[in-house]
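A.B. asks: how would this look folded up:
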Amino acid sequence: MAGIAGPGGKVFAIDRSEQALAAARAVEALPGAAPIHYHTVDLSDDIPDLGLFDAIVGRRVLMYLPDAAKTLVRLASLAKPGAIVAFQEHGRAGLPAGNGDLVLHRQLYDWNWSTVSAEGGDVGLALRLADTMRRVGLSVEEARGEAILLHPEQPSFLPTLTQVMLPRMVERGVATAEQVDMATLPQRIEDEQRAAGGLIVWDLAFFVASRA
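C.D. replies: Down below sits the predicted model:
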């Protein structure tokens, strides 16, 4: 976004996590990019007056808020007339899909999404995102879905994802460490992916762009 805005623009990056903001600040700025101003903001609460914006964008944000529609109304109040308001959210969509039974892949998918749901995440929001934007008065211009693919010739990212998610799975009672068995998981994933052959559709990301 800073690269698109250019040196004459200005970007405000917000997150409720200080850790996430620290990681963002550590990223080297692109040449010719707009300056980025970082703010700790919880979008489920009041949003500070940061001015009016030409574009408001987010990724995997609304699905973790208690009232996405209410947040969109607050954000729209910071948008200039005709400003872009665009979000990308992931949603639970009955995957994965591919050749073969994919028993292990489907188990991991269910564990991941069940954990997000147990944490209060709205796993169906992505499928309702366009309608939600319309209901709060935004004019939807584009809505599309993009598949997250597992390629047979590339190492799977699922062992890393599962390792990251495991403490959350255990905390929410979705799965135990013994059930997941991280020691053997990478090989089991590789074996099932090789047996399936071809691409595996792991997840879907839904993007909706609108105008204020």
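A.B. asks: who touches the residue lying closest to Phe207 once chain neighbours are set aside in this structure?
C.D. replies: In space, and not counting its chain neighbours, Phe207 is closest to Gln88: 4.5 Å by CB to CB, 6 or more residues apart in numbering. The C-beta positions use only the backbone N, C-alpha and C, and glycine is treated the same way. Contact analysis of Gln88 by CB atoms under 8 Å, 6 or more residues apart in numbering lists Gly58, Arg59, Arg60, Ala205, Phe206, Phe207, Val208.
A.B. asks: Any of those buried? List them.
C.D. replies: The neighbour count (16 or more other CB atoms under 10 Å) marks Gly58, Ala205, Phe206, Phe207, Val208 as buried among the contacts of Gln88.
A.B. asks: For stretch 125-145, list the C-alpha coordinates in CSV.
C.D. replies: Provided in CSV are the C-alpha atoms of stretch 125-145 (Å, rounded to 0.1, in the frame of the first residue of the first chain):
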residue,chain,number,x,y,z
LEU,A,125,-18.0,-14.1,7.3
ALA,A,126,-16.0,-14.3,4.1
LEU,A,127,-19.0,-15.8,2.3
ARG,A,128,-21.2,-13.0,3.6
LEU,A,129,-18.7,-10.2,3.2
ALA,A,130,-20.2,-8.6,0.0
ASP,A,131,-23.7,-8.7,1.5
THR,A,132,-22.4,-7.2,4.7
MET,A,133,-20.8,-4.3,2.9
ARG,A,134,-23.9,-3.6,0.9
ARG,A,135,-26.0,-3.6,4.1
VAL,A,136,-23.9,-0.9,5.7
GLY,A,137,-24.3,1.3,2.6
LEU,A,138,-21.1,0.5,0.7
SER,A,139,-21.2,0.0,-3.1
VAL,A,140,-19.6,-3.3,-4.0
GLU,A,141,-17.6,-3.2,-7.2
GLU,A,142,-15.8,-6.5,-7.1
ALA,A,143,-16.0,-9.8,-5.3
ARG,A,144,-13.8,-12.8,-6.0
GLY,A,145,-12.4,-15.9,-4.4
